[in-house]
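1. Give me the fold of what follows.
(one chain, ligands or ions: 3)
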Amino acid sequence: MKESINQSFKTLREKSPLVQSITNYVVMNNTANALLSLGASPIMAHAKSEVMDMVSIVNALVINIGTLDEYWVESMLMAVEKANQLGKPWVLDPVGAGATRYRNETISELLKHKPSIIRGNASEILSLADVNIQSRGVDSSHGSEEAIQAAFSLSKEIGCVVCISGEKDYIVEGDKLSSLANGNAMMAKVTGMGCTASAIVGAFAGVENDLFLATTSAMAVLGVAGEIAAEKSKGPGTLQLHLYDALYNLDGEELMERIKVES
Ligand SMILES: Nc1ncnc2c1ncn2[C@@H]1O[C@H](COP(=O)(O)OP(=O)(O)O)[C@@H](O)[C@H]1O
Ligand SMILES: Cc1ncsc1CCOP(=O)(O)O
Ligand SMILES: [Mg+2]
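-> Numbering: from 1, shown residues only. Ligands and ions are numbered 1, 2, ... in the order given. Take a look at the predicted model:
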C-alpha cells in the first residue's frame, strides 16, 4: 500500500490535476492554497452560467455544503449531473450533516447523484448513514472509529468510497478498509482542515483511477504534512502556514518514512 501511495503522489506532482470546488466561504482561500502547495491547480466556480462548462475541463469536482444556500445548491446539482455524464470523479464533503433539516435535505438530493467519494468527520458520516445523532455543527462529537460500520453501510448503499477523518482516518470501499495514524490533534483547531482534506482527495481522484487508493493517498499526504507542520508550530495560526510549506516541500522519501498505514 505504501508503495502505491508514493506512486500516486508522484503521478499527482507530474500531472498537476485541475480541481473544481463549489465550496464554502470560510475555506475557499485555505483550500486553494493547499492545492497549489501540493502541486495541483484549484478553480472555484459556482455560477450556473458556467458551472457545467467548467466541469468539462477539470479533472475532478469537489462539492462542499459548508455555507450552502438555494442558488449554490442548484449549481451543485448541475455540476454533479455534468460530472456523472462525463464520468469524472466527484467528492462530497457533507459539512455539518445532521445539524439542520436543510443540510440533511440537500445531502439527500446530492446522494441521489452518487458521489464517487464521501469525506467527512465521524458525526457527519454517522448522520449520512441515518444513525440518529445530535450533530454539534461542523466539528465532530464522535471518534472516527465509531463511524466505521456506518461507513461500510454507506459505501455499499451508494457504491462509493467513504473516508472518516479524525485522530485516525479510515477509508472504506465495499469490504475494504484502510486506516492512517498520521496527523496531529492541533489540525482540528484550524478551520477548514477537513475541507482541505476533501480538496486533496479531489486532486488525487483526478489522477488515480483507483479511488480507494486515491483517497488513502490523499489522507496520508495531508496527515504526514500536518504532523511535519505541527512539529514547527506553536499554535493553529502557524500550523496553517507551516502546512502549506510542508505540502510544498514534501518528497516521496519523507512520505514513505512517516506513513502509518494499515490495510
Ligand atoms: N486528533 C487528531 N490527531 C491527528 N490528526 C487529526 C486529529 N483530528 C483531526 N486530524 C486530521 O485533521 C484533518 C481534518 O480532519 P477532521 O478534523 O476530522 O475534519 P473536519 O474539519 O471536517 O471535522 C484530517 O487530516 C485528520 O486526519
Ligand atoms: C466553520 C464553518 N462554518 C461553515 S463551513 C465552515 C468550515 C468548516 O470546515 P472544516 O469542516 O474543514 O473544519
Ligand atoms: Mg468538515
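2. my guess is residue 120 meets residue 91, correct?
-> No - contact criterion CB atoms under 8 Å: residue 120 and residue 91 do not qualify, at 10.4 Å. Backbone N, C-alpha and C define where each C-beta goes, glycine included.
3. Pick out the residue of the stretch 51-200 of the chain closest to ligand 2.
-> Residue of the stretch 51-200 of the chain nearest ligand 2, by CB to the nearest ligand atom: residue 66 (2.8 Å).
4. contacting residues for the nearest residue to that residue once chain neighbours are set aside?
-> Using CB to CB, 6 or more residues apart in numbering and skipping the chain neighbours, the partner closest in space to residue 66 is residue 24 (2.7 Å). Residues in contact with residue 24, defined by CB atoms under 8 Å, 6 or more residues apart in numbering, are 64, 65, 66, 67, 68, 95, 195.
5. Distance check, residue 24 against residue 150.
-> As judged by CB to CB, to the nearest Å, residue 24 and residue 150 stand 23 Å apart.
6. thinking again about what came up before, quick one: secondary structure of the residue nearest to residue 66?
-> Assigned by DSSP: H, G, I helix; E, B strand; the rest coil, the conformation of residue 24 is coil.
7. Would you mind listing what in the stretch 1-150 of the chain touches ligand 3?
-> residue 95 (CB under 5 Å from the ion).
8. Any regions of the stretch 1-150 of the chain where pLDDT drops low?
-> Under the criterion pLDDT under 70, the flagged ranges of the stretch 1-150 of the chain are 131-134.
9. of all of the chain, which residue lies closest to ligand 1?
-> Counting by CB to the nearest ligand atom, the chain gets nearest ligand 1 through residue 194, at 1.9 Å.
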